[in-house]
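Peer 1: the amino acid sequence is not available; the structure is as follows:
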């Protein structure tokens, strides 16, 4: 009894300032009244004695602590009344910040909120109820809501040396469909015209899905073929047979539904970390798109159910490991299907992570009841590879744009020459990517429209190192590779990757002339190979970035202070950030071995060649994330190097990038921790802010459309 009470007292340290006195008083009363009493007594006297203790327990249980980032400061905010809106959280955070003597001009009712989970974030409205979207220990950033019309115009350097910064928050972020009720865009899925950009938007929750009447009609048409097979007892793979090596086994008609549940449950064998919410959204959207193509023969009600599930963001937990990429991404897609039948774990904005049955119920849904062919239709295809790979591709494109901008800054700092980017040079080796990258560099570096004072100074060498001189050739092939990969992905996302495939009868023919064909469209070799190409191509950007960083830090190459800091020796400057860059580049080298070069025979030799595309996708994304940090370090170093060139200025577009970085990262006067600065610039790169900043100056140039 004494142990029980004192262990509750230990929880008092977790209760935040406003409750401390109340809890201590109630605890003492509870402690005094229960010494010598018998736990479990049912008389009224003892019941009264325990009332104070129960109040303490309730108070402790109902308090959560939310970690709030506001205006660059981290604040712990206790939340007692969880039925209040997020605007109350903002108000309390502002009050606590001002109590410390820090002024805050933010209005709590002019904010939106970003909830962070692993390396992803989810946008919430100020009207969302705390208990619906937050849990104890969650991390939330409060962001000022502004409109694009309020964007500040950048003044010319000739007018003032103190030009205004283009801040990331100047554009209002769209809110995910899972948190909004109105003004949400709708994407009609039909299996034919889904784009990479649309898929990324769907992953972020910026759009919802719908099915056209024509799509539903096609689904009913192919479904009737499956129902005819079941009714007449024809033997067809996947409908009334076993799977893989067991395809010779014919299943009795009364067990066909059980067969579909069995394939979903038995294939739930994935392991590892669960996928992020936006990745799961993309995979679900891709699977809906494939089924909407109407070659799977599934029940139309299944596709309609999946659309409702997507629009409510009821997202099954999918482990990251377990697919060999043929016959499709079986294990991860089985986990996706598992949630639909009310089993396993599921996440939604209303509930957080919980049992699928409970999450569905909280969102006014019930588990889907599988019918013949439905289970197999859910798990065959390359949607895991494409869902993960799409993010790698999108972020790789943003890295490519960023490295062109950084290279232009470094060229000025290292006294490089733009002659290597001359249009005539690249016209006689006319690779498309090479020409476009060279044109972009000509637009950003010293030119008649945007002169650079730094560039016009006397130079000490007549020839540049390859990491500056050969950027069009190296980054150009990366651009061509990414365009090739996007073409493969666009086709793959809109392909029927099921097995077997259901083809309707020809015009004027009856249903008996329909075909069920077992083939190999599920094989992931196309996206696997494409992602291996992507990994190798973008890694070269990191190789060059790390070498340029070394030249910036090396006084014999840059004619700047060692490691870009005053008083080198007393200060270490960029010495260790360069080590971090080198470590990430080395790690990426080991990840460049193509997964699709490997294969392992599975299913007792029936599936004797596989793509390993799941690993291709996961490591491609890892390489791109590493690359973002490599580029972030180089960009911070380039901006620091510009400090030693003052009062001279580079071109106006590049000065705008400098101001963007300086809006979040101060110059390095003396040693300080680098990690927070690397993280904030990496986020700029991920959001494409570096590219967007320079693009404002080049809107009339059609060459930018190529990126």
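Peer 2: In hand now; what should we look at? Owing to the predicted nature of the structure, the values given are computational and were not obtained by experimental measurement.

Peer 1: so how far is residue 317 from residue 274?
Peer 2: 5 Å (CB to CB, to the nearest Å). All C-beta spots, glycine's among them, are computed from the backbone N, C-alpha and C.

Peer 1: neighbours of the closest residue to residue 85 other than its chain neighbours, just the number please.
Peer 2: Leaving aside its sequence neighbours, residue 85 sits nearest to residue 127 (CB to CB, 6 or more residues apart in numbering; 5.3 Å). Neighbours of residue 127 under the rule other CB atoms under 10 Å: 11.

Peer 1: residue contacts, residue 674?
Peer 2: Residue 674 sits next to 576, 577, 580, 633, 636 when contact means CB atoms under 8 Å, 6 or more residues apart in numbering.

Peer 1: now, of the residues you listed, which are buried?
Peer 2: 577, 580, 633, 636 (16 or more other CB atoms under 10 Å).

Peer 1: so which two of those are the farthest from each other?
Peer 2: Greatest spacing in those, by CB to CB: 580 and 636 (11.3 Å).

Peer 1: got any residues that touch both of the two?
Peer 2: Residues touching both residue 580 and residue 636 by CB under 8 Å, 6+ apart: 674, 678.

Peer 1: returning to that earlier point: and the buried ones among the contacts of residue 674, which is closest to residue 442?
Peer 2: For these, the nearest to residue 442 is residue 636 (25.3 Å; CB to CB).

Peer 1: confirm the closest one sits in a helix?
Peer 2: Yes. Residue 636 forms part of a helix when assessed by DSSP: H, G, I helix; E, B strand; the rest coil.

Peer 1: you'd agree it is up against residue 577?
Peer 2: Yes. With contact defined as CB atoms under 8 Å, residue 636 reaches residue 577; the gap is 7.4 Å.

Peer 1: just to revisit the earlier point, among the contacts of residue 674, which are located in helices?
Peer 2: 576, 577, 580, 633, 636 (DSSP state H).

Peer 1: hmm, back to that, list residues touching both of residue 636 and residue 577?
Peer 2: 674, 678.

Peer 1: ok so, going back, which of the contacts of residue 674 sits closest to residue 611?
Peer 2: Nearest to residue 611 among the contacts of residue 674, with distances taken as CB to CB, is residue 580, at 33.2 Å.

Peer 1: joint contacts of residue 274 and residue 317?
Peer 2: Common neighbours of residue 274 and residue 317 (CB under 8 Å, 6+ apart) are residue 345.

Peer 1: hmm, back to that, a markdown table for the contacts of residue 674, including distance to residue 237 and pLDDT?
Peer 2: Shown next, in a markdown table, are the contacts of residue 674 (distance: CB to CB, whole Å; pLDDT from 0 to 100):
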| residue | distance to residue 237 | pLDDT |
| --- | --- | --- |
| 576 | 59 | 97 |
| 577 | 57 | 97 |
| 580 | 52 | 98 |
| 633 | 53 | 98 |
| 636 | 57 | 98 |
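
Peer 1: and of those residues, the nearest to residue 69?
Peer 2: Using CB to CB, the contacts of residue 674 come closest to residue 69 at residue 636, 20.4 Å.

Peer 1: coming back round to it: A helix includes the residue nearest to residue 85, no?
Peer 2: No. Read with three-state DSSP, residue 127 is coil and lies in no helix.

Peer 1: if I look at it, how far off is residue 334?
Peer 2: 37 Å.

Peer 1: can you show me the helices along the stretch 301-450 of the chain?
Peer 2: Along the stretch 301-450 of the chain, counting by DSSP state H, counting those that start in this stretch, helices occupy 330-340, 356-362, 374-379, 383-413, 423-427, 432-444.

Peer 1: to residue 281, which of those helices lies closest?
Peer 2: So among the helices of the stretch 301-450 of the chain, helix 383-413 is nearest, using CB to CB, at 8.4 Å.

Peer 1: now the closest one against helix 432-444, angle please.
Peer 2: Interaxial angle of helix 383-413 relative to helix 432-444 (axes from the mean of the first three to the mean of the last three CA atoms, to 10 degrees): 40 degrees.

Peer 1: now the angle from helix 383-413 to helix 330-340?
Peer 2: Using the same axes, to 10 degrees: helix 383-413 against helix 330-340 is 110 degrees.

Peer 1: helix 383-413 - what's its average pLDDT?
Peer 2: If you average the pLDDT over helix 383-413, you get 98.

Peer 1: could you check the pLDDT of residue 232?
Peer 2: 89.

Peer 1: before we move on, what about residue 512?
Peer 2: We have a pLDDT of 72 for residue 512.

Peer 1: that one and residue 299: what is the separation?
Peer 2: 21 Å.

Peer 1: between the two, who's got more neighbours?
Peer 2: Taking other CB under 10 Å, residue 512 and residue 299 do not tie; residue 299 has more neighbours (23 against 10).
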